[in-house]
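>>> just need the structure, nothing else, for what follows:
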Amino acid sequence: MFHSPILPRVRKRSRAAEVCVPGREEVKFEDVRLYLVERKMGLSRRSFLTQLARSKGFIVEDVLSDVVTHVVSENSHTSSLWAWLKDHGLKNLPNMHVLDISWFTDSMREGRPVAVETRHLIQETSTEASTPPPKATVSQYSCQRRTTIENNNKTFTDAFEVLAESYELNEIEGPCLAFRRAASVLKSLPSAVQSLGATQDLPCLGEHSKAVMKEILQYGHSFEVEKTLSDERYQTLKLFTSVFGVGPKTADKWYRRGLRSFSDVLTDSSIQLNRMQQSGFLHYGDISRAVSKAEARALRSIIDEAVHEITPDAVLALTGGFRRGKEFGHDVDFIVTTPQGGKEETLIPGIINRLTKQGILLFSDYQASTFDMTKLPCHRFEAMDHFAKCFLILRLEGSQVEGGLHAAEGDSRGWRAVRVDLVSPPMDRYAFALLGWTGSRQFERDLRRFARMERNMLLDNHALYDKSKKEFLAATTEKDIFAHLGLEYIEPWQRNA
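Next up is the predicted model:
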């Protein structure tokens, strides 16, 4: 906090405390001096959390010294953290609280230093190697779990996802979400579940999920899953919804009419396919096949060149599964925007125009922006946001892809059709859109649920609204959003829930 030069200082402060950002609230907690350990946290996140704490009246020291009372760290390796602290030769180290980031987030939420509890402490121990670590608790929210693409429980999660898909196709939401949550928990575990007893302390595993797991553990497969996979209705709805532009309602309508195959649909003169469905059938062989990471990179180069012809300061980000580290996906998602307010709405039409001139645009469905900040916050989450967007099918040449196309066996055309989605938010909404479009779907669903249930906030692809303060919270990065929610930052490659 800055002091006017004509006023005497009441007490001597460290230089770090005196150079706080101007305009912040005055210090409220004189006896608490924080130091945020940059190791594992990163400079940008540390800077943001420092400003957040100072704005709430905390003193945050820039330098670790004996005046510090509370050391806050995200370093989960206890021995290396304590070794690092001891290297500083601090005389007051035995009297300092060495705390996990959870104490900091609790304090920020309460707006005051909360009491230090055992769960907050990062305690030094000389018996780490011989003493088994306490059993970790698994959060019910996937936004508090780190889930990579490595899945140690694929046998179970594949079974759950078949059942979840079946319920989704039949538009039965409750069991669908239950199986998706159960699968999400198992994906986050560091090892395979070997017995049903090992699931006792895990959240989101109901009796139905455990019954399926019990069958798999006992017989090597689930009878319910096998029955679902052989069910004619499930097979037909799954087939029809694999076509671009065909959703569960249309698939169900065709099934009820007695249609069971693509030829049944295409030879029925009473069925009028829309443009999207026509393209879906026309390019089905290509767009039903997985897209490789190399193909996604090639498409990024094509889109990047097109958008920078329109405006050199454009920002283009690859999102979706590829941003989460996946090697293959069913389509390729991009966010494109520009710092020039309002100009983001002209970007997608400009890109479409350039792709058309190149002769590689096979299909496009452009939807203009309906985003209106005055209509937020929205208490009902909608599957699709209100930014300008376009669903495309592009012709990708094999010569543009490093290592060649991920082509079907026997395909010698030298090109393939690929599904691409573009979304263009205003720059001040970029962080929210990037977070939402990165996924995974379950991660985003839990992030919104956590915001609503644990923080009394509303989060979607457009904004974060604090219902208690009745104000929107600004964010320029995803890390800002996590910090507002009091959550540890989860890297994109750890969001494969």
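>>> tell me the contacts of residue 457?
For residue 457, the residues meeting the contact criterion (Cβ atoms under 8 Å, 6 or more residues apart in numbering) are 451, 464, 465, 466, 467, 473, 484, 485. For glycine as for every other residue, the C-beta is placed from the backbone atoms N, C-alpha and C.
>>> which members of those occur in strands, if any?
Here DSSP state E is the test, and these give 464, 465, 466 as lying in strands.
>>> buried ones from these, can you make that a PyMOL selection?
What follows is the PyMOL syntax selecting those of those that are buried according to 16 or more other Cβ atoms under 10 Å:
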select buried, resi 464+465+466
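>>> what is the three-state secondary structure of residue 347?
Per DSSP: H, G, I helix; E, B strand; the rest coil, the local secondary structure of residue 347 is helix.
>>> that one contacts residue 425, correct?
No - in terms of Cβ atoms under 8 Å, residue 347 does not count as a neighbour of residue 425; the distance is 10.5 Å.
>>> so what sits against both of the two?
By the contact definition Cβ under 8 Å, 6+ apart, residue 347 and residue 425 are jointly contacted by residue 337.
>>> roughly how far does the closest residue to residue 482 other than its chain neighbours sit from residue 119?
Nearest-residue entry for residue 482: residue 489, 4.7 Å, with adjacent residues in sequence omitted and distances by Cβ to Cβ, 6 or more residues apart in numbering. Residue 489 sits at a distance of 20 Å from residue 119 (criterion: Cβ to Cβ, to the nearest Å).
>>> any idea which helix is longest in the chain?
For the chain, the longest helix by residue count, based on DSSP state H, is helix 293-310.
>>> average model confidence for it?
When the per-residue pLDDT values of helix 293-310 are averaged, the result is 96.
>>> packing partners for that helix?
Applying 3 or more Cβ pairs under 8 Å, 6 or more residues apart in numbering; DSSP states H and E, we find helix 293-310 packed against strand 315-318, strand 332-337, helix 344-358, strand 388-397, strand 415-424.
>>> what packs against the next helix or strand after the shortest one?
If you walk from strand 315-318 toward the C-terminus, the next helix or strand you reach (DSSP states H and E) is helix 320-323. Taking 3+ Cβ pairs under 8 Å, 6+ apart as contact, the helices and strands that helix 320-323 lies on are strand 328-329, strand 332-337, helix 430-438.
>>> try 6 Å
Using 3 or more Cβ pairs under 6 Å, 6 or more residues apart in numbering; DSSP states H and E as the contact test, no helix or strand touches helix 320-323.
>>> okay if I get the contacts of residue 457 as a markdown table plus pLDDT and distance to residue 321?
Formatted as a markdown table, the contacts of residue 457 follow (pLDDT from 0 to 100; distance: Cβ to Cβ, whole Å):
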| residue | pLDDT | distance to residue 321 |
| --- | --- | --- |
| 451 | 95 | 23 |
| 464 | 96 | 24 |
| 465 | 96 | 28 |
| 466 | 94 | 31 |
| 467 | 93 | 32 |
| 473 | 96 | 28 |
| 484 | 95 | 26 |
| 485 | 93 | 23 |
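>>> looking at those, which is nearest residue 165?
residue 451 (26.8 Å; Cβ to Cβ).
>>> just checking, the closest one touches residue 459?
Yes - in this structure, residue 451 is within contact of residue 459 by Cβ atoms under 6 Å, at 4.1 Å.
>>> where along the stretch 1-150 of the chain do the strands fall?
If DSSP state E, counting those that start in this stretch is used as the criterion, the strands of the stretch 1-150 of the chain fall at 33-36, 59-60, 70-73, 97-100.
>>> can I get those in TSV with distance to residue 42, mean neighbour count and mean pLDDT?
Putting those into TSV (distance: least, Cβ to Cβ, whole Å; neighbours: other Cβ atoms under 10 Å; pLDDT from 0 to 100) gives the following:
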stretch	distance to residue 42	mean neighbour count	mean pLDDT
strand 33-36	11	23	94
strand 59-60	16	24	94
strand 70-73	12	23	92
strand 97-100	17	19	90
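>>> can you redo those as a markdown table with distance to residue 199?
Written out in a markdown table, the entries for the strands of the stretch 1-150 of the chain read as follows (distance: least, Cβ to Cβ, whole Å):
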| stretch | distance to residue 199 |
| --- | --- |
| strand 33-36 | 37 |
| strand 59-60 | 42 |
| strand 70-73 | 32 |
| strand 97-100 | 26 |
